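**Q** Give me a 3D structure for the following:
(one chain, ligands or ions: 1)
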Amino acid sequence: MTTGVEETVVIIVGAGPSGLATSACLHQLSIPYIILEREDCIASLFNKKTYNRLHLHLVKNFCQLPHLPFPASFPTYAPIAQFLEYLDDYAAHFKINPRFCNRVKFAKYEDDEEKWKVEAEVGGGGVRRYKGRFLVVATGETSDVFIPEVDGLSEFKGEVIHSTEYKSGEGYENKKVLVVGSGNSGMEIALDLSNYGAKTSIVVRSPVSFSLLLVTYIRASIFYFFYKTFLVHQILEHLKVR
Ligand SMILES: Cc1cc2nc3c(=O)[nH]c(=O)nc-3n(C[C@H](O)[C@H](O)[C@H](O)COP(=O)(O)OP(=O)(O)OC[C@H]3O[C@@H](n4cnc5c(N)ncnc54)[C@H](O)[C@@H]3O)c2cc1C
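**A** Residues are numbered from 1 along each chain as shown. Okay, the predicted model is just below:
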């Protein structure tokens with residue numbers, strides 16, 4: 001079933017931290033928006049696809065979202081449960097109500113109308129249509145599972161899981177486990193397995209680079225500044241021009 005078209009100023013795709021932050025900034029400026037999320041919860045990556053021991057990998061002042069700092073009681077590296085609680089409070093505080101189970105499948109800019117036409121598949125079947133002057137794609141870079149082709153993997157008799165299915169090292173004691181990849185998840189999962197007594201190895205494709213804390217801090221500060229100011233100002237500028 002296809003429903004009628006719902007119109008707004010900004011359409012945001014994805015209710016992860018970026019989509020929530022954008023929503024809050026628009027809310028503060030009273031700019032109407034709709035936020036569409038394919039899953040049934042906010043921050044689906046952190047809610048559904050992470051492991052139990054996860055603490056944020058960046059210090060807390062780089063992970064809090066605009067207009068609502070983390071509570072002072074937060075430790076330097078917030079545990080996942082605290083971060084999720086903060087995101088729930090954040091959504092409630094800024095009255096962010098994502099349209100859940102809306103998987104965006106189509107987006108096209110209509111030159112004649114100067115509007116984006118967006119279509120989303122909705123849970124239970126059917127398509128919902130939206131129209132907006134601006135489209136913000138906040139679908140993340142790591143929210144989709146990717147398993148590269150590995151020779152011999154299909155014949156391997158042991159258990160193979162993606163990091164998004166890993167919860168803890170319980171049950172892996174004394175087992176030989178090979179972790180492939182040394183990104184955020186790979187490194188911490190390898191440590192977790194080791195702590196649970198697994199015989200852990202990790203395979204790394206290219207040399208691991210360790211940044212000095214100061215360099216990381218400066219890079220994160222620059223990113224944070226642009227993140228806070230760029231997007232919403234772009235929208236405001238466009239609104240002013242018209
Ligand atoms: C182990 C681990 C530790 C990390 N630690 C940190 C940290 O300490 N600090 C930090 O800042 N970052 C950390 N990150 C990175 C973290 O993933 C990103 O910072 C954060 O999730 C990015 O938010 P996002 O909203 O851009 O994307 P995501 O969180 O990926 O959210 C994207 C959302 O878009 C939705 N979506 C995707 N496609 C569609 C579609 N077609 N239609 C509708 N909805 C869609 C997804 O379901 C998802 O909810 C970590 C990541 C991992 C895996």
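**Q** I figured Ala24 hits Leu68, correct?
**A** Yes. Assessed by CB atoms under 8 Å, Ala24 is found in contact with Leu68 at 7.2 Å. Any C-beta I mention is one placed from the backbone N, CA and C, and that applies to glycine too.
**Q** Domain parsing of the protein, as residue ranges.
**A** For the chain, automatic domain parsing gives the domain ranges 2-143+227-241, 153-203.
**Q** Determine which of these approaches the ligand most closely.
**A** domain 2-143+227-241 (2.1 Å; CB to the nearest ligand atom).
**Q** Measure how far that closest one is from the centre of its chain, please.
**A** 9 Å (CA atoms, centre = their mean, to the nearest Å).
**Q** tell me the mean pLDDT for that domain?
**A** Per-region confidence: domain 2-143+227-241 scores 92 on mean pLDDT.
**Q** End to end on stretch 42-51, go ahead and measure it.
**A** 17 Å (CA to CA, to the nearest Å).
**Q** got it, and stretch 70-83?
**A** Across stretch 70-83, first to last residue, CA to CA, it's 9 Å.
**Q** re earlier: which one of Ala24 and Leu68 has more residues nearby?
**A** Ala24 (21 against 14; other CB atoms under 10 Å).
**Q** before we move on, the earlier item: among the domains of the chain, which is the most enclosed?
**A** The highest average neighbour count among those, using mean count of other CB atoms under 10 Å, belongs to domain 2-143+227-241 at a mean of 16.
**Q** Does it reach the ligand?
**A** Yes. Counting by CB under 6 Å from any ligand atom, the ligand has neighbours in domain 2-143+227-241: 13-19, 36-39, 43-45, 50, 54, 56-58, 63, 103-104, 138-140, 142-143.
**Q** Cool, thanks, signing off.
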